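1. Give me a 3D structure for the following:
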Amino acid sequence: MAAFGDGQALKALFTDADVDGDDGDQDGALDPNEFAAALAAMGLKVKKEHVLLLLQRMDTNGDGLMQWEELQEWLNMSREKRAKKRVANKKTEQRRAAAKAKKSELTAKRKAAKSFGGGR
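-> As a prediction, this is how the structure comes out:
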């Protein structure tokens, strides 16, 4: 199974999956069946309708095929989105922690006020 992080292994998987027609000539692009075979070679079981949807999202030139460049572009975009999401999640966690600390502080102040007879 090829790892996504290994560009050479992914390129080899792409090239291996690119077999068109009876003569097995490679055209440099994956059709839906070839793409499904590549996913299966990576150990991914994907329904045909999902293969088609994924291919449609990755197919930036609209020819119904996935070229190597389109795959690279999609993977790079996905990495960027994941990185942005990690940053956003970290900021959200920081805000939640700050809100929780503020709530704890207010709770402690209320308890202190009650113990001194101020919260009747």
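2. residues in contact with residue 80?
-> Not one residue lies near residue 80 by Cβ atoms under 8 Å, 6 or more residues apart in numbering. Every C-beta, even on glycine, is put in place using the N, C-alpha and C of the backbone.
3. For it, pull up the helix or strand it's in.
-> Here residue 80, judged by DSSP states H and E, is contained in helix 68-115.
4. And for residue 14?
-> Using DSSP H and E, residue 14 falls in helix 7-17.
5. Beyond that helix, next helix or strand please.
-> strand 29-30.
6. Output the contacting helices and strands for that next one.
-> The contact analysis (3 or more Cβ pairs under 8 Å, 6 or more residues apart in numbering; DSSP states H and E) places strand 29-30 against strand 66-67.
7. ok, the strand it packs on: who's next to it in the sheet?
-> The partner list of strand 66-67 in its sheet, established with DSSP bridges, is strand 29-30 (antiparallel).
8. Beyond the strand it pairs with, next helix or strand please.
-> Once strand 29-30 ends, the next helix or strand along the chain (criterion: DSSP H and E) is helix 32-41.
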